[in-house]
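Visitor: got a predicted structure plus its sequence, pasted below:
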Amino acid sequence: MNVHHLELFYYVAKHEGISAAVRHIPYGIQQPAVSGQMAALESNLGVRLFERSPFRLTAPGRKLYAQIETFFAGLDGLEGQLRDTDRPELRLAASELVLRLHISTVTQRLRARYPKLLLSLTPGYQAQFETWLHDGLIDLAIIPIEARTTGRQSLLRLARVPLVLLVPKASSVRSAADLWKQKKIREPLVSMPVASSVSRSFQRDLRKLGVTWAQSVEVTSMEMVTSYVANGEGLGLNLAIPEAISHPEVRVLPLSGFAPMEIGLRWNGDPSPLLRDTIAGFQQYTRETWPDWIIEDTLPPEKKRK
């Protein structure tokens, strides 16, 4: 198929007629020329693509338009995008709560240094972040850090966040130690996915106490854990982030003796100058916001670029 013929057909189909298409084609071409080339396209394909009067796409015409519409429609903005290739881009992933409440301070400071910054913020949970990093779909993830990375992935720890147990206000449970008296706890446990670092860490420390507590409800956000506990769905395991656990119908119990969760940043390979500034920005924000939890990791020196 002749690509120029396809381009003309795109305008004819979009504007529902040859005369209307001529007024919108971004270069000079006369109506008879468009008519002739549409006839040539139909002849080459061996099908009629549209009825002329009144205008109507045929079934083959609708199918062809559906195939080419995305490509030709995207050309309008492509020139500007190509001119903007010097714009620095940062693709960041974190939990919805972190994106909503804690990212803007860091990104505003970054924009002061990178005014043309193109920023992409994607919410999700740990397993998704690890997959997206592996596939190169994001540049940086705020994520629980359970083990050292392998391969091309790098990490920097930001904070040690305590784990807490959430119980409904009406519950008779006043301390976590009350529960550990039972070797097999029957109350429903609400938590992040079983495979998440938070859940694995909690279960490891439970086993050290000789306690078995199977997870009953799996959710994908810290706020959902709190909400389910408030609704009486069970007891909840969560991180002690105030915005995530504060609820008038929920009591927060410390988990004495349980390892805190290390939260940090992961990325691939040697960080770019933009990524280094972003990492430093998150370190600064963590010092300001959670000084009692801060981990003062140091980013390795920048490698000399050839």
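Guide: Nice, I can see it. Please read all numbers here as calculations on a predicted model, not as lab measurements.

Visitor: tell me who's in contact with the closest residue to Ala40 other than its chain neighbours.
Guide: Among residues not flanking Ala40 along the chain, His5 sits closest, at 6.5 Å (C-beta to C-beta, 6 or more residues apart in numbering). The way it works is simple: take the backbone N, C-alpha and C, and place the C-beta from them, glycine included. His5 makes contact with Gln37, Met38, Ala40, Leu41, Asn44 under the criterion C-beta atoms under 8 Å, 6 or more residues apart in numbering.

Visitor: and if you look at Gln203?
Guide: Counting by C-beta under 8 Å, 6+ apart, Gln203 makes contact with Trp213.

Visitor: ok, then the element right after the helix or strand harbouring it?
Guide: Under the criterion of DSSP states H and E, Gln203 resides in helix 197-208. Toward the C-terminal end, the helix or strand that comes next after helix 197-208 (DSSP H and E) is strand 215-218.

Visitor: packing partners for that next one?
Guide: Contact partners of strand 215-218 among helices and strands, from 3 or more C-beta pairs under 8 Å, 6 or more residues apart in numbering; DSSP states H and E: strand 189-191.

Visitor: the strand it packs on pairs with which strands?
Guide: strand 215-218 (parallel), strand 235-239 (parallel) (DSSP bridges).

Visitor: just give me how far the following helix or strand past the longest one sits from the chain centre.
Guide: Counting by DSSP H and E, the element after strand 235-239 in chain order, helix or strand, is helix 242-245. Once both centres are worked out by C-alpha atoms, centre = their mean, to the nearest Å, helix 242-245 turns out to sit 21 Å from its chain's centre.

Visitor: buried residues in helix 242-245?
Guide: Within helix 242-245, the residues scored as buried using 16 or more other C-beta atoms under 10 Å are Ala244, Ile245.

Visitor: need the contact partners of it.
Guide: Helix 242-245 is contacted from outside by Leu97, Leu101, Val164, Leu166, Met222, Glu223, Val225, Thr226, Asn238, Leu239, Val252, using C-beta under 8 Å, 6+ apart.

Visitor: tell me the mean pLDDT over stretch 191-202?
Guide: Stretch 191-202 shows a mean pLDDT of 94.

Visitor: follow-up on the earlier one: could you dump the contacts of His5 into CSV with secondary structure, pLDDT and neighbour count added?
Guide: Formatted as CSV, the contacts of His5 follow (DSSP: H, G, I helix; E, B strand; the rest coil; pLDDT from 0 to 100; neighbours: other C-beta atoms under 10 Å):
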residue, secondary structure, pLDDT, neighbour count
Gln37, helix, 94, 19
Met38, helix, 95, 19
Ala40, helix, 94, 13
Leu41, helix, 95, 20
Asn44, helix, 93, 11
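
Visitor: and of the residues you listed, the nearest to Arg157?
Guide: Nearest to Arg157 among the contacts of His5: Leu41, at 60.9 Å, using C-beta to C-beta.

Visitor: what sits against the closest one?
Guide: Counted by C-beta under 8 Å, 6+ apart, Leu41 has contacts Met1, Asn2, His5, Leu6, Leu8, Phe9, Leu49.

Visitor: name the nearest of these relative to Leu118.
Guide: Set against Leu118, the nearest of those by C-beta to C-beta is Leu6 (30.9 Å).

Visitor: could I get the average pLDDT for the one helix or strand the closest one maps to?
Guide: Assigned by DSSP H and E, Leu6 belongs to helix 3-15. The pLDDT scores in helix 3-15 average 94.

Visitor: just after it, pick out the following helix or strand.
Guide: helix 18-24.

Visitor: how far does that next one sit from the chain's center?
Guide: With C-alpha atoms, centre = their mean, you get 42 Å for helix 18-24.

Visitor: so where do the strands sit in the chain?
Guide: Shown for the chain, the strands assigned by DSSP state E span residues 50-51, 56-57, 89-94, 118-123, 140-144, 153-161, 163-168, 189-191, 215-218, 235-239, 250-254, 261-268.
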